[in-house]
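Q: following is a predicted model, sequence given first.
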Amino acid sequence: MNDSDEILAVKAAELYYEAGKTQDEIGLALSVSRWKVGRLLVQAREQGFVRIEIVHPSARRFSLERELCGFYDLADAVVVPTIDSDSDVQARVAQAAADYLTTLRPVPRVLGVSWGRTLHAVAARLRPGWAVGVNPVQINGSVSSTRQATAAADTAVVIARKAQGTATLLPSPAIFEQAATRRAIEADRAVQSVLEIARNASAYLFSAGVVDASSVHVDSGYLTAEDVRSLAEKGAVGDVVGRFITEDGFVADEELNGRTLGITLDELRAARVSIAVIAGESKHRIAHAVVSSGLCTTLITDEATANDLLGRSTTAGNAVGDPVRIEGVK
């Protein structure tokens, strides 16, 4: 684009977006054809002279999604605006994950699912009939020593029921007292058959946990608050499918990892489709560990987490009532 066309493109953009003129009116004002005006407006967007942003709270952040995909080599990303309270953000991201599953093609006939509060919320927000014939399978152990409502069985069963499918449950704890016990249970034919189905799932859906006393593994009785403090001292930033990892995506504690039952991190990395649902300020570090180490192909998150992953803080958005913001850049 030469200088004269650049000036024309800026003028056309100002008349179209700021003055509300039609392309015919702009053509008359600039003494060019209507076709030329159309080309100038396209060039203005392509050259970055015009930036259009939808800022309604229900809108996705497409530009952030593209940046995340490019920077981390993701196949897909969904970013929802960060507004109001953290609980509201969690709910919006859970809804976005449920909506994403509904549109996923091809439909994952066998869906590997982890467990926890986030996936419990995703399952609750799936509408009945969101798909037909999807069969969830648990990808890590879940039998709890307490009576928490976030049991993996509930998550898998709800997803299956709403998709007219059948849930395959993994009848095993997530973490054992001894590695030898884990190996013995894993050798059981029933457990082996579930793990084989899990390893051949069409897609995986998982979240990530924090490494503090609020961890679902503490709630479930697998670990104590002292255990997670020790994990943090060893460099753990959170857990994925029950396996605690460092910021580089490596196992933080090999002894604990040896007592953990389920698919491995390498198996998750090798998946063709692996969807991570991670949101909230407390999960920024584990979100970075997940995407930077290739544990997911798709990330569903909030705007603040996306910006943190891209190395910048969230800037204040527009008012809720402003449907579109257009900025002319000269």
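A: Perfect, thanks for sending it.

Q: and the residue located most distally from the centre of the chain, how far from E303?
A: Computed with Cα atoms, centre = their mean, the residue of the chain farthest from its C-alpha average is S31, at 49.1 Å. Distance of S31 to E303, computed by Cβ to Cβ, to the nearest Å: 43 Å. All C-beta atoms are positioned from the backbone trio N, CA, C, and that covers glycine.

Q: again with A270
A: A270 is 30 Å from E303, by Cβ to Cβ.

Q: looking at those two, which one has more neighbours?
A: A count of neighbours by other Cβ atoms under 10 Å puts E303 above the other of A270 and E303, at 20 against 12.

Q: dump the residue contacts of the more buried one.
A: 61, 64, 79-82, 314 (Cβ atoms under 8 Å, 6 or more residues apart in numbering).

Q: do the same with D302
A: So D302 contacts 79-82, 89, 92-93, 279-280 (Cβ under 8 Å, 6+ apart).

Q: ok, S274 next?
A: S274 neighbours (Cβ under 8 Å, 6+ apart): 203-204, 206, 268, 295-298.

Q: tell me how many other residues surround the closest residue to T224 other than its chain neighbours.
A: Spatial nearest neighbour of T224, excluding adjacent residues (Cβ to Cβ, 6 or more residues apart in numbering): V218 at 6.8 Å. V218 sits with 18 neighbouring residues when counted by other Cβ under 10 Å.

Q: so who does V218 touch?
A: Counted by Cβ under 8 Å, 6+ apart, V218 has contacts 224-225, 227-228.

Q: now list the buried members of those.
A: Among the contacts of V218, those classed as buried by 16 or more other Cβ atoms under 10 Å are 227-228.

Q: just the CA trace of the helix or strand where L256 lies, in PDB.
A: In the assignment (DSSP states H and E), L256 maps to helix 254-258. Provided in PDB are the C-alpha atoms of helix 254-258 (Å, rounded to 0.1, in the frame of the first residue of the first chain):
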ATOM      1  CA  GLU A 254       8.400 -39.100  41.700                       C
ATOM      2  CA  GLU A 255       7.500 -41.000  44.900                       C
ATOM      3  CA  LEU A 256       4.000 -39.500  45.000                       C
ATOM      4  CA  ASN A 257       3.600 -40.000  41.200                       C
ATOM      5  CA  GLY A 258       4.400 -43.700  41.700                       C
END
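
Q: can you tell me how far the residue farthest from the centre of the chain sits from E25?
A: In terms of Cβ to Cβ, S31 sits 12 Å off from E25.

Q: ok, back up a step: nearest to D239, of the contacts of V218?
A: V228 (9.4 Å; Cβ to Cβ).

Q: list the helices and strands the helix or strand where the closest one lies packs on?
A: Per DSSP H and E, V228 falls inside helix 225-233. If contacts are counted by 3 or more Cβ pairs under 8 Å, 6 or more residues apart in numbering; DSSP states H and E, helix 225-233 sits against helix 216-219.

Q: would you say L299 is within a strand?
A: Yes - under DSSP: H, G, I helix; E, B strand; the rest coil, L299 falls within a strand.

Q: re the thing from before, right, and the helix or strand after the helix holding L256?
A: helix 265-269.

Q: ok, back up a step: tell me the pLDDT at the residue farthest from the centre of the chain?
A: If you check S31, the pLDDT there is 91.

Q: ok so, going back, pull the distance from the helix holding L256 to the chain's centre.
A: Distance of helix 254-258 from the chain centroid (Cα atoms, centre = their mean, to the nearest Å) equals 26 Å.

Q: buried sites along stretch 217-224?
A: Counting neighbours by 16+ other Cβ under 10 Å, stretch 217-224 gives 217-220, 222-223 as buried.

Q: can these go into a markdown table with extra columns for pLDDT and distance to A232?
A: Listed next are the buried residues of stretch 217-224 as a markdown table, based on pLDDT from 0 to 100; distance: Cβ to Cβ, whole Å:
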| residue | pLDDT | distance to A232 |
| --- | --- | --- |
| H217 | 78 | 13 |
| V218 | 80 | 12 |
| D219 | 73 | 17 |
| S220 | 72 | 18 |
| Y222 | 80 | 16 |
| L223 | 82 | 12 |
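
Q: Throw the residues you listed into CSV and include distance to L40, thanks.
A: Formatted as CSV, the buried residues of stretch 217-224 follow (distance: Cβ to Cβ, whole Å):
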residue, distance to L40
H217, 58
V218, 60
D219, 59
S220, 61
Y222, 62
L223, 62
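
Q: from those residues, pick the one nearest A179.
A: Y222 (14.4 Å).

Q: chain neighbours aside, what residue packs nearest to the closest one?
A: Leaving aside its sequence neighbours, Y222 sits nearest to I175 (Cβ to Cβ, 6+ apart; 4.3 Å).

Q: so in the protein, where's the weakest helix or strand by average pLDDT?
A: strand 324-328 (a mean of 38; mean pLDDT, DSSP states H and E).

Q: contacting residues around D308?
A: Contacts of D308 (Cβ under 8 Å, 6+ apart): 284, 287-288.

Q: and L195, by the same measure?
A: If you count contacts by Cβ under 8 Å, 6+ apart, L195 has them with 170, 186, 262-263.
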